[in-house]
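Peer 1: With the sequence up front, the predicted model follows.
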Amino acid sequence: GAVVSQHPSWVICKSGTSVKIECRSLDFQATTMFWYRQFPKQSLMLMATSNEGSKATYEQGVEKDKFLINHASLTLSTLTVTSAHPEDSSFYICSASAPASGNIQYFGAGTRLSVL
Amino acid sequence: GEDVEQSLFLSVREGDSSVINCTYTDSSSTYLYWYKQEPGAGLQLLTYIFSNMDMKQDQRLTVLLNKKDKHLSLRIADTQTGDSAIYFCAATGGGNKLTFGTGTQLKVEL
């Protein structure tokens, strides 16, 4: 199957700082990438959908100025959590898809963010 | 919007079959998926089924789809301790978005 790499896998930061998470499709060109958030023992909540070269589409209730998404190339999307606070601590997971792969979403390993 | 539900917990003995059930509400979902998540890890795609299929088998995994009842199941034959994980079913909606179920934690006992 397709490989999606997510980096870093774990990050600890101080309150008020910004954190950038990268999502890369390693062996295919992803026209669409998705960002999810997962709280402990809960399901995945879609935060936003990003298409290469265009602005991300955010789900209702997700602050776009707080969670900046950039999808500058067909293999890379980034999520920046700006001015992070302890309530932003969570597990963030990205996925990537492409029409050539039947639009199946392949997931990264996730990034655990802890804000002190 | 789409609502996907699963039972929260399933416990089986090693070597038995496991059956994880899922129901969804949007009859227009074209693809239905099963993902596996191990502790602290991302999601691993196990299998998927098109909505015009009734069954799909892939080695130890069998997916059954009852489109009329909007019911999806995943059967794992000869369940092993390495199968212990959380299993999510997911259904596609508009824009290829996925709606995930709550996840079923499978515990395999010796």
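Peer 2: That came through fine. Residues are numbered from 1 along each chain as shown, chains lettered A, B, ... in the order given.

Peer 1: residues in chain B within reach of chain A, list them.
Peer 2: For chain B, the residues found near chain A under the criterion C-beta under 8 Å from any C-beta of the partner chain are B:31, B:33, B:35, B:40-45, B:48, B:88, B:92, B:95-98, B:100-103. Where you see a C-beta, it was placed from the backbone N, CA and C, and this is true even at glycine.

Peer 1: ok, 6 Å please
Peer 2: In this structure, chain B approaches chain A at residues B:41-43, B:96, B:98, B:100, B:102-103, judged by C-beta under 6 Å from any C-beta of the partner chain.

Peer 1: looking at the sheet around A:Cys94, what are its partners?
Peer 2: Note on A:Cys94: beta-bridge partners A:Trp35, judged by DSSP bridges.

Peer 1: brain fart, B:Met55
Peer 2: Where B:Met55 sits in a bridge, its partners, by DSSP bridges, are B:Leu64.

Peer 1: Can you tell me how far it is from chain A?
Peer 2: Distance, B:Met55 to chain A, by C-beta to the nearest C-beta, to the nearest Å: 19 Å.

Peer 1: follow-up on the earlier one: with secondary structure and neighbour count added, can I get the residues of chain B next to chain A in JSON lines?
Peer 2: Putting these into JSON lines (DSSP: H, G, I helix; E, B strand; the rest coil; neighbours: other C-beta atoms under 10 Å in any protein chain shown) gives the following:
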{"residue": "B:Ala41", "secondary structure": "coil", "neighbour count": "17"}
{"residue": "B:Gly42", "secondary structure": "coil", "neighbour count": "22"}
{"residue": "B:Leu43", "secondary structure": "strand", "neighbour count": "28"}
{"residue": "B:Asn96", "secondary structure": "helix", "neighbour count": "17"}
{"residue": "B:Leu98", "secondary structure": "strand", "neighbour count": "26"}
{"residue": "B:Phe100", "secondary structure": "strand", "neighbour count": "22"}
{"residue": "B:Thr102", "secondary structure": "coil", "neighbour count": "17"}
{"residue": "B:Gly103", "secondary structure": "coil", "neighbour count": "23"}
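
Peer 1: Determine which two of those are furthest apart.
Peer 2: Spatially, the most separated pair among those is B:Ala41 and B:Asn96, at 23.1 Å (C-beta to C-beta).

Peer 1: Now do the contacts for the residue sitting nearest the centre point of chain A.
Peer 2: In chain A, the residue lying closest to the centroid (C-alpha atoms, centre = their mean) is A:Trp35, at 3.6 Å. Neighbour list for A:Trp35: A:47-48, A:79, A:94 [criterion: C-beta atoms under 6 Å, 6 or more residues apart in numbering or on different chains].
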